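> Could you work out the structure for the sequence below:
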Amino acid sequence: MEEDQLYLIDQHAAHERVFYEKLMAQYRNREKDAQLLLTPMVRQVSPAVKAMEEEWLPALTELGYAVEEFGPNLYVTKEVPAFLTLEEAMDFLEAVFDELGEAKRGEVLSPKIRDKIIMKACKSAVKGNQHLERAEMERLLEDLAAAENPFSCPHGRPTLLRLSRKEIEHLFKRA
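Model (predicted):
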């Protein structure tokens, strides 16, 4: 980075990009890195979601989740993707089940629906006004630098803006 430039980072868009790429990598990876939950999580689903189990259950398995039927319209989650915190993993799972409630039979595995479900993961991304510790900021910047596309979030918004000294002076009407 050049000394006479200022970088503004949208932490939400940056984290969303990093999170999205991790989910996609996990989806493509043959071996799923998962973490076993000490206390499995039980979730009730609607009859419509239950009826589409053969479509969504393999999709969740491909992402690194271990979800099993636990009773009438009940499912237990025993493992989550290793790269997610428990809160992120469960928020993502909630978003998936919410999205499934609106899907039609046969749509669950379509790329459009899968991308839509993954995009719901942005709920797990840090918020724009959320305070991050220095170590968290540094980690986010490292992860963003390693991303395939570090310049925009999955929705197309920029993750960063670069202003040169000349542009800043111009903004202050000094140039």
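> Only C-alpha atoms from now on, for both contacts and neighbour counts.
OK.
> Poorly predicted segments of this protein, please.
1-2, 30, 103-124 (pLDDT under 70).
> So residue 54 versus residue 149, what's the distance?
33 Å (C-alpha to C-alpha, to the nearest Å).
> okay, the two: which has more neighbours?
The neighbour comparison of residue 54 against residue 149 (other C-alpha atoms under 10 Å) goes to residue 149, with 14 against 11.
> residues touching that one, list them.
Counting by C-alpha atoms under 8 Å, 6 or more residues apart in numbering, residue 149 touches residue 17.
> Just say helix, strand or coil for residue 22.
helix (DSSP: H, G, I helix; E, B strand; the rest coil).
> Contact partners for residue 48?
Neighbours of residue 48 in contact, by C-alpha under 8 Å, 6+ apart: residue 101.
> cool, residue 26 as well?
So residue 26 contacts 32, 33, 62, 63, 64, 81 (C-alpha under 8 Å, 6+ apart).
> Beyond the longest strand seen in the chain, next helix or strand please.
Across the chain, the longest stretch assigned as strand under DSSP state E is strand 34-44. Counting by DSSP states H and E, the next helix or strand C-terminal to strand 34-44 is helix 47-51.
> Can I get that following helix in PDB? Just the C-alpha atoms.
The C-alpha trace of helix 47-51 is given here as PDB (Å, rounded to 0.1, in the frame of the first residue of the first chain):
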ATOM      1  CA  PRO A  47     -44.400 -30.200   7.300                       C
ATOM      2  CA  ALA A  48     -43.500 -28.600   3.900                       C
ATOM      3  CA  VAL A  49     -39.800 -28.500   4.800                       C
ATOM      4  CA  LYS A  50     -40.000 -32.100   6.100                       C
ATOM      5  CA  ALA A  51     -41.500 -33.200   2.800                       C
END
